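1. have a look; sequence and predicted model below, questions after that.
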Amino acid sequence: MSLSLPKPMRLPSLILLALVMTLVFGPMIMSADPISISVKDRMALPSWSHWLGQDEFGRDRLARVLYGGRVSLTVAFLASVIACVVGTLFGLIGAYFRGPFEFVTMRLSDVVLCFPPILLALLVVTLFGPGVTTLVAVLSVLYFPAFARIAFSEALRVAALDFVEAARALGAAPRRIVLRTVLPNILGPISVQFSLTAAASITIESGLSFLGLGVVPPAPSWGQMIRGARAFMNQDPTGILVPCAALTLTIWSINFFCDRLRDTLDPKHGESAGKDEIAKARADAAAAAAGPAQILDADVVAQVKDLRLALPRPEGPLALIDGVTLTLRQNECTALVGESGSGKSLTSLALMGLLPSAIRPAGGRILIHRKTGGTVDLATLGERETEDLRGNDVAMIFQEPMTSLNPIHRIGAQMIEAIRAHKAISAEEARARAVELLDLVGIPEAGRRIDSYPHELSGGMRQRVMIAMALSGEPKLMIADEPTTALDVTIQAEIVELLQRLRQEYAAGMSLLFISHNLGIVAEIADQIAVMYAGEVVEQGPAAEVLATPHHPYTRALLDSMPSAHEDLHSSRGDRLAAIAGTPARPEARPSGCAFRDRCPQARPCCAESRPELYPTGTRAARCFFAPGADQPQEREAGA
Amino acid sequence: MTSYVLRRLTTALVMLWVVGTIVFSVLLIVPGDPAELLLTTGGADASTDAVENLRKKMGLDRPVAEQYVSFLADTARFDFGDSLIDGTPISETIALRLPRTLELIAVSMVVALALAIPAGTYAGLNAGKRFDRAASAVNALFTSIPGFVSGTLFIYLFAQVLRILPAGGYVAFAQDPWMHVQMLILPTVTVALHLMTIIFRMTRASVLEMRAHDWVRTGIAKGLRRRQVVRRHILRNALGPVITVVGLQLGILLGSTVLVEFVYNWPGLSGFLVSSVQQRDYPSVRAVILTVAAIFIAINFLVEVAYSLLDPRIRLT
């Protein structure tokens, strides 16, 4: 049975199963009686006939622990089952009928949540007196609202899912929908709640028994055993240690099971190996040993040289960026173009020293010309120096203006902290500067808007704030990672216009690295283009030339798939947009030879045999055997 | 902001009323005669005289509507009636004992926050690393130890074996400050340990969630120092969920300290509550529960207001 379980569930299931089996079958196979008293053997040490010794009345302790556990488990299990069934029903009815049912379900749990559980239990015990039945009743009442609430919200969530809508549209009966689709889907959260409830029930049951208000003697219970042994713990410490250990072990194994179950059902709940930039940056020893940074040409702001990035895996590193070289010049806009997954964003993050910690630099260097003069190699910088460089020499705006600003700080505060990170000025001066910048990026009533929270601004406005913030350090290089993708088309144009205007009027000489998959926007803004595919630059050159006469089949395919390139042809010929066949090569399934060959209409056998280089012709270059200036592998050509 | 606070305040007052009504109506829902029920012990029926007497004492002989109105009016004046056992006014007993319980909870809360928030933050920032794995495992173990178990074990260890701390009891601060503090240590550690497991877990999860947000990357891209990013763009955001949980826990704590107080003989509300339950002194039990629920609702109201100060988006809902 455990073989079919997901791996993380095996150990906790096994422990829990062993525990339950011991408590259920243990008492059956042992002969000792948990309630027979033998005063002459009070607090006897462990012996052959009494493995855990005898308690303050000479009763066999092992028998009491096993029987007591049985009582605890029974109470917890019964209460959880009742709470689960009743609560789930309540929740489903509330979710199905809504209206007053919904109100009752939700408010009921609010009210029950107001009473600390053990107090509510005590209230009921006062009225009915202690005992197992009272316990089960109280615990079920305590915990059924939690089930109701979960079933309710999960059912609503599931009911809104596409496939349930589909089932409804197909005419499935409501009852069928609930049984067939909703119920299996809410089973996960309900079973997590079930184990939580079981653990909590055992805690409360033992607590009440400890107070003498739970299980009634002489029936054994762990809480009661601790209560009894407490008075004698000085002479007989095993008396408290044994039931304490049993109780803790039981609760721990249920919790353990529950944690693993939750992680299995909802992987998001577990570890996220996502963005890790905040983990401490480590100086890269290999890169540091690579020698002094070269001096860049006077008009070069930054240069990426033969950059290689890899993801370490047990079977060997996986190349994500494979020898990318980019030269970013003053007063120039370089567009980095490609489909998602081509490595454009990784390249730009590398320029900021913002790579996720899982990704290792495997070679190459990133040289940056600092404002203070001098050229640095990013990989050799320490944490402090990198922080000084970010936002100051190189600034970045991101794709998602909705999430790139911290929702709990006013935009003014977020701008001021950016300004003061690089300039030793007072808060008032920084604020005045922030207003100035907001005004510059076209935010109306900047003096008032500076005190807004991000959620009070539209997406376009937020992107303007991001741009203003990026400008605040007066950087020599601004990286814009798909800055318009998340925005409406009309707003897109405004943002592009703003970036253009800023480059011309305000930040004269600033270099812009513009990352996009939208060739229409690129055509408007870019001076230079670098097209990326599968972690490589496949074509680069002056924007106008590359867009007019692409040399690489991939660039051509990108242009063909773009509506605006067809504008003149469209209506007359009823021409259709060409889609690029296939999907972008994933790093782990990169074809041999040319990475694009399996999607390329011009591919020949020679393309599979060796990797084309980036063949230069004048100001341009393309990574294709059939590009002008390429030395085609002649002998193989002949063989084909 | 004011309208948000007013709305929350209204909700809190409505909750108070609902809770009061429920506590009142428990006696009506109970099958049979409550007075008889309260006097029944172990199947032995009570004498008719005693039942009649108790009915009169608790006002059960009056019409339900009248009982309800006077119950609400008395409760609003903090008049919970007299104890069935010794006839002392219940509110006086509560006024005497409640501060001791609150002291225990407040000190434990401060200790727990001071330790668990930094630990949880560090674990969250270094998730999957050695400290995080060790701390999470220890946390899972302590989560599984009920307060009365750790309390009992602490007494055995520190009072019986090591003999460095008193096993329990209480001395007023004014009477002997040093002894008071000594007696406070073990109960505080016991309650704080339980709280810490919850705060640690929540802080860690919240930090883990917040650090993956885009604005953290923005903060780094601006060139802020690592510590600034952690403080302003991770921790500040993570605190909202944490204080909500702390608020909820404070309420639950008011209940679960019952066991800890009992273990250490700390004369807070719990001793009174437990003996009242044992002697089936219903008015006293009801009064304690109402007090605790009221404090709980008040705490949650404060938490909601604090949360809205931390996160402006909350005020919109």
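-> Arrived safely. Numbering: from 1, shown residues only, chains lettered A, B, ... in the order given.

2. how close does the closest residue to chain B within chain A get to residue B:112?
-> For chain A and chain B, the shortest gap (Cβ to the nearest Cβ) falls at residue A:116, measuring 2.4 Å. In short, each C-beta sits where N, CA and C put it, glycine included. According to Cβ to Cβ, to the nearest Å, residue A:116 and residue B:112 sit 17 Å apart.

3. strands along the chain, start to end?
-> No chain was given, so I picked chain A. Secondary structure of chain A (DSSP state E): strands at A:300-311, A:318-329, A:333-337, A:360-369, A:375-377, A:394-397, A:477-481, A:511-516, A:528-533, A:536-542, A:615-617, A:620-622.

4. pLDDT of the fifth one, averaged?
-> Just to be clear, that refers to strand A:375-377. Throughout strand A:375-377, pLDDT has a mean value of 85.

5. close to chain B, is that strand?
-> No. Contact of strand A:375-377 with chain B (Cβ under 8 Å from any Cβ of the partner chain) is absent, the minimum separation being 14.4 Å.

6. so where's chain B shaky on pLDDT?
-> B:31-32, B:40-46, B:316-317 (pLDDT under 70).

7. what domains does the record give for it?
-> Domain assignment for chain B by automatic domain parsing gives B:2-76, B:90-316.

8. among the ones you listed, which comes closest to chain A?
-> domain B:90-316 (2.4 Å).

9. how far does the closest one sit from its chain's centre?
-> From the chain centre to the centre of domain B:90-316 is a distance of 9 Å (Cα atoms, centre = their mean, to the nearest Å).

10. just to revisit the earlier point, so where does the spatially closest residue to the residue of chain A closest to chain B that is not a sequence neighbour fall, helix or strand?
-> The shortest distance from residue A:116 to any non-neighbouring residue, by Cβ to Cβ, 6 or more residues apart in numbering or on different chains, is to residue B:255 (2.4 Å). Assessed by DSSP states H and E, residue B:255 sits inside helix B:236-264.

11. C-terminal to that helix, what's the next element?
-> Per DSSP H and E, helix B:236-264 leads on to helix B:269-278 as the next helix or strand towards the C-terminus.

12. packing partners of the helix or strand just after that following helix?
-> Later in the chain than helix B:269-278, the nearest helix or strand by DSSP H and E is helix B:282-310. Judged by 3 or more Cβ pairs under 8 Å, 6 or more residues apart in numbering or on different chains; DSSP states H and E, the packing partners of helix B:282-310 are helix A:99-114, helix A:117-128, helix B:2-29, helix B:90-125, helix B:236-264, helix B:269-278.

13. quick one, domains of chain A?
-> With automatic domain parsing as the reference, chain A has domains A:55-270, A:283-533.

14. tally of neighbours for residue 168?
-> Answering for chain A, as no chain was given. 14 (other Cβ atoms under 10 Å in any protein chain shown).

15. sorry, I should have been clearer: chain B.
-> Around residue B:168 there are 17 residues (other Cβ under 10 Å).

16. show the pLDDT at residue A:39.
-> pLDDT at residue A:39 comes out at 68.

17. repeat that for residue A:148.
-> For residue A:148, the pLDDT comes out at 85.

18. quick check: it touching residue A:108?
-> Yes. Between residue A:148 and residue A:108 there is a contact under Cβ atoms under 8 Å: 6.9 Å.

19. I'd like to know the average pLDDT value across stretch A:554-574.
-> Across stretch A:554-574, the average pLDDT comes to 64.

20. quick revisit: tell me the spacing between the residue of chain A closest to chain B and residue A:122.
-> The gap separating residue A:116 from residue A:122 is 10 Å, by Cβ to Cβ.

21. return every residue with contacts to both of these two.
-> Listed as contacting both residue A:116 and residue A:122 by Cβ atoms under 8 Å, 6 or more residues apart in numbering or on different chains is no residue at all.
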